[in-house]
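Visitor: Sequence first, then the predicted structure, then my questions.
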Amino acid sequence: MARIDIPKREDAPAESKPILDKVDKMLGFVPNLHRIMSISPNAISGWATLMASLSKTLDVKTRDGIALAVSEADGCDYCLAAHSFTARSLAKIPMDEIELNREGRSSEPKREAAVAFARALIETRGKVSDAQFAAVKNAGWTDANIVEMIALTAQYVLTNFMNNAVQTPIDFPEVSPAKATQG
């Protein structure tokens with residue numbers, strides 16, 4: 001049970017409704033996370049603006065890989081379910097690649113460097129080692145790409161924290177829980 005009452009879509013503040021409409025158009029429904037964030041038009045607008053800007057960076061499979069690695073490292077079961085769903089249905093990423101991404105790995109070497117770097121950002125609270133930083137650069141990512149990876153990681157931390165703190169009920173097909181949260 002969520003720690004905050006999840007409003008019905010029609011009960012969201014008027015300022016939040018255009019964002020909820022965009023989410024609905026993209027996914028075919030408005031997830032619990034977005035309905036919770038809609039309580040604060042400023043919070044959902046900030047998230048949507050960041051997401052829209054960062055959706056123009058990197059390629060979709062790398063962005064999804066980063067989302068999965070970050071959500072696993074943060075122990076966010078809601079985001080793991082959401083990102084697994086969107087990775088499968090929108091980006092057409094096979095399940096074996098999704099599982100690798102959750103571990104901070106990939107079957108594609110350049111993408112693996114990005115996904116591993118994002119996971120390292122979480123595990124080290126941003127204090128990655130020189131070797132971890134060099135690995136992502138040596139894989140062929142530019143400085144701008146690295147800045148984008150850091151920004152994407154922060155974007156996913158926002159939703160991970162929101163879901164973990166609020167205990168958002170999962171409304172996507174469930175996946176195995178994050179290893180970090182298994183007892």
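Guide: Received, thanks. It should be emphasised that the depicted structure is a prediction, and the values quoted were computed from it without experimental measurement. Numbering: from 1, shown residues only.
Visitor: For burial, what's the neighbour tally of E72?
Guide: E72 has 26 neighbours, counted by other C-beta atoms under 10 Å. For the C-beta atoms, the positions are set from N, CA and C on the backbone; glycine is no exception.
Visitor: for it, what are its contacts?
Guide: Neighbouring residues of E72 by C-beta atoms under 8 Å, 6 or more residues apart in numbering: L80, R102, E103, G104, R119, A178, K179, A180.
Visitor: What's the separation between it and G28?
Guide: Per C-beta to C-beta, to the nearest Å, E72 is found 25 Å from G28.
Visitor: ok, now A14?
Guide: As judged by C-beta to C-beta, A14 and G28 stand 23 Å apart.
Visitor: What residues of the longest helix anywhere in the chain count as buried?
Guide: For the chain, the longest helix by residue count, based on DSSP state H, is helix 143-166. By neighbour count on 16 or more other C-beta atoms under 10 Å, the buried set for helix 143-166 is 145, 148-149, 152-153, 155-157, 159-160, 162-164, 166.
Visitor: Farthest-apart pair in the residues you listed, please.
Guide: Within these, two members stand farthest from each other by C-beta to C-beta: N145 and V166, at 31.8 Å.
Visitor: From start to finish, how long is stretch 122-131 in a straight line?
Guide: 16 Å (C-alpha to C-alpha, to the nearest Å).
Visitor: returning to what we had before: of the contacts of E72, which is the most crowded?
Guide: L80 (28 neighbours).
Visitor: Which pLDDT value goes with that one?
Guide: pLDDT, L80: 97.
Visitor: helices or strands next to the helix or strand where it lies in the packing?
Guide: Element membership for L80 (DSSP states H and E) is helix 77-89. Other elements packing on helix 77-89 under the criterion 3 or more C-beta pairs under 8 Å, 6 or more residues apart in numbering; DSSP states H and E are helix 32-37, helix 60-74, helix 95-102, helix 143-166.
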